[in-house]
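Student: sequence-free structure coming up:
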């Protein structure tokens, strides 16, 4: 896969590190790389599709909310960036998505149920419910030194 | 991995809109712009051919919902055909197939629209 120059990909033992600009035009590459990695470690096509959309929702939220226009970021010295650390831990695929934008109050966020949203034909607010529906673990942390990190975990054996 | 593409053709009073590539946060404004332009001309009966679509995220799904809602308010609809199995499974699991009209074939989607 040919990647744009602005996406950096580094491989370590059992681990792939990605750095991409925090812009929606790069999401297509992030999805393709993560889907390829998930497929190679043994997830079937439909589980890969779930992982792909969960990661896309996470990265879309970074672009849309963490790096929202007109807002102050915690690290003003750099361009908005999304970092992904994709690795296996035992029977798990672990994807950590880090940004340096605005902190999100994940613990107190209570997203609407998908079914209720659909009944009312609401057009937004599906991202976090999709992540929670399709991944086995979804955890958010925020640190002044390392930034905001969303950790997504999918168990290989649960398929 | 393809850029998002839209092609339109008229089938009587129904607009067939063929989509290719990824419908995500980056591309959905293009779909909204094209369909809202059709709506503004009074064309509220739309069939989206999704055969060549390779990805739909929640931004795209939310967009489809708001477009279908607007069309239905004017006695039209936005109907989907040819949704690839990989995408269909995802939107079915999430429940989007309960509110979006999804058909197997173009003829089925066209049936029931005024003038068909």
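Tutor: Looks like it arrived, so ask away. This is a predicted model, so every value here is computed, not measured.
Student: Would you give the sheet partners of the one helix or strand residue A:94 maps to, along with the direction of each?
Tutor: Element membership of residue A:94, judged by DSSP states H and E, is strand A:92-99. Paired with strand A:92-99 in the same sheet, following DSSP bridges, are strand A:81-89 (antiparallel), strand A:147-155 (antiparallel).
Student: For the last one, list every residue counted as buried.
Tutor: Buried positions in strand A:147-155, judged by neighbour count with 16 or more other CB atoms under 10 Å in any protein chain shown: A:147-152, A:154. For the C-beta atoms, the positions are set from N, CA and C on the backbone; glycine is no exception.
Student: Same check on stretch B:97-111?
Tutor: Neighbour counts over stretch B:97-111 (16+ other CB under 10 Å) mark B:99-103, B:106, B:109-110 as buried.
Student: how far does it stretch from start to finish?
Tutor: 18 Å (CA to CA, to the nearest Å).
Student: follow-up on the earlier one: just the ones of the buried residues of stretch B:97-111 in strands?
Tutor: B:101-103 (DSSP state E).
Student: Just give me the closest of those to residue B:91.
Tutor: Relative to residue B:91, the closest of these is residue B:102; by CB to CB it sits at 7.9 Å.
Student: thinking again about what came up before, out of the buried residues of stretch B:97-111, which are close to chain A?
Tutor: residue B:99 (CB under 8 Å from any CB of the partner chain).
Student: packing partners for the top strand by length along chain B?
Tutor: With secondary structure taken from DSSP E, chain B has its longest strand at strand B:45-56. Strand B:45-56 sits against strand B:14-23, helix B:58-72, strand B:77-81, helix B:85-94, helix B:106-110, with contacts defined as 3 or more CB pairs under 8 Å, 6 or more residues apart in numbering or on different chains; DSSP states H and E.
Student: Near chain A, which residues of chain B are found?
Tutor: So chain B meets chain A at B:1, B:22, B:24-26, B:55, B:57-59, B:61-63, B:65-66, B:68-69, B:86-87, B:89-90, B:93-96, B:98-99 (CB under 8 Å from any CB).
Student: Now the buried members of those residues.
Tutor: B:22, B:24-26, B:55, B:57-59, B:61-63, B:65-66, B:68-69, B:86-87, B:90, B:93-96, B:99.
Student: Count residues in the vicinity of the nearest residue to residue B:14 once chain neighbours are set aside, would you?
Tutor: Counting by CB to CB, 6 or more residues apart in numbering or on different chains, the nearest residue to residue B:14 once its immediate chain neighbours are dropped is residue B:45, at 4.6 Å. Using other CB atoms under 10 Å in any protein chain shown, residue B:45 has 25 neighbouring residues.
Student: Tell me who's in contact with residue B:45.
Tutor: Residues near residue B:45 by CB atoms under 8 Å, 6 or more residues apart in numbering or on different chains: B:13-15, B:71, B:76-77, B:113-114.
Student: do residue B:96 as well
Tutor: If you count contacts by CB under 8 Å, 6+ apart, residue B:96 has them with A:118, B:61, B:64-65.
Student: any chance of those in JSON lines, with distance to residue A:129 and pLDDT too?
Tutor: Shown next, in JSON lines, are the contacts of residue B:96 (distance: CB to CB, whole Å; pLDDT from 0 to 100):
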{"residue": "A:118", "distance to residue A:129": "11", "pLDDT": "94"}
{"residue": "B:61", "distance to residue A:129": "12", "pLDDT": "97"}
{"residue": "B:64", "distance to residue A:129": "17", "pLDDT": "98"}
{"residue": "B:65", "distance to residue A:129": "14", "pLDDT": "97"}
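Student: what's the closest of the residues you listed to residue A:52?
Tutor: Looking across these and measuring by CB to CB, the closest to residue A:52 is residue B:61, at 14.0 Å.
Student: and the strands paired with strand A:92-99 as TSV, adding distance to residue A:131 and mean pLDDT?
Tutor: TSV is the format used below for those (distance: least, CB to CB, whole Å; pLDDT from 0 to 100):
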stretch	distance to residue A:131	mean pLDDT
strand A:81-89	14	96
strand A:147-155	7	97
